[in-house]
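> next input, structure requested:
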Amino acid sequence: MNSVNKDESVLDVFLLGLKTWVAEMGWLTRSVLGRFEIGRLEKELEREYAALGRIAEQPRGRKEEKDQCLGQIGFLKEEIETLKAELAQDRETRMRPLRGEGD
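From the prediction side, this is the model:
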């Protein structure tokens, strides 16, 4: 009890708790939306692979459609990796102070 600063009122503690809760809800929302977007992009990637398979099965596959599919597949893979890296970095940045590591 002695380690508690006596200048802090109940209102100060409540406001600190409220700010912490808002920050946690913000991070949770970003995390959920990021994972939702990754899932959506992965489904789109599967559709592009299916389209590429249909193009490849055709006796005379159209090169421009194949190139477009391959470009889209490359873009989706890159975007998924970028989003995963951003989520991991956001979590690492958020957790570093909690683990007691320096900025």
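
> if I look at G74, how far off is E46?
15 Å (CB to CB, to the nearest Å). Any C-beta I mention is one placed from the backbone N, CA and C, and that applies to glycine too.

> just give me the residue right at the centre of this protein.
Nearest residue to the geometric centre of the chain (CA atoms, centre = their mean): G34, 3.3 Å.

> give me the element that one is part of.
Under the criterion of DSSP states H and E, G34 resides in helix 10-57.

> run the chain-centre distance for that helix.
Offset of helix 10-57 from its chain centre (CA atoms, centre = their mean, to the nearest Å): 5 Å.

> quick one: average confidence on it?
Taken as a whole, helix 10-57 has an average pLDDT of 91.

> what's the first helix or strand after that helix?
Next element after helix 10-57 (DSSP H and E): helix 63-95.

> how many neighbours does A50 have?
Counted by other CB atoms under 10 Å, the residues lying close to A50 total 11.

> check F36 too.
Per other CB under 10 Å, the neighbour tally for F36 reads 10.

> got it, and R96?
The burial count for R96: 12, using other CB under 10 Å.

> ok, it to Q89 distance?
Using CB to CB, R96 is found at 11 Å from Q89.

> repeat that for E46.
Using CB to CB, we find E46 at a distance of 26 Å from Q89.

> could you report the neighbour count for the closest residue to R35 other than its chain neighbours?
Using CB to CB, 6 or more residues apart in numbering and skipping residues adjacent in sequence, the residue nearest R35 is L87, 7.2 Å away. Other residues near L87 come to 17 when the count uses other CB under 10 Å.

> and E48, by the same measure?
20.

> and for Y49?
13.

> quick one, what contacts the closest residue to the residue nearest to the centre of the chain other than its chain neighbours?
Leaving aside its sequence neighbours, G34 sits nearest to L87 (CB to CB, 6+ apart; 4.8 Å). Counting by CB atoms under 8 Å, 6 or more residues apart in numbering, L87 touches 31, 34-35, 38.

> that's all I had, so thanks and see you.
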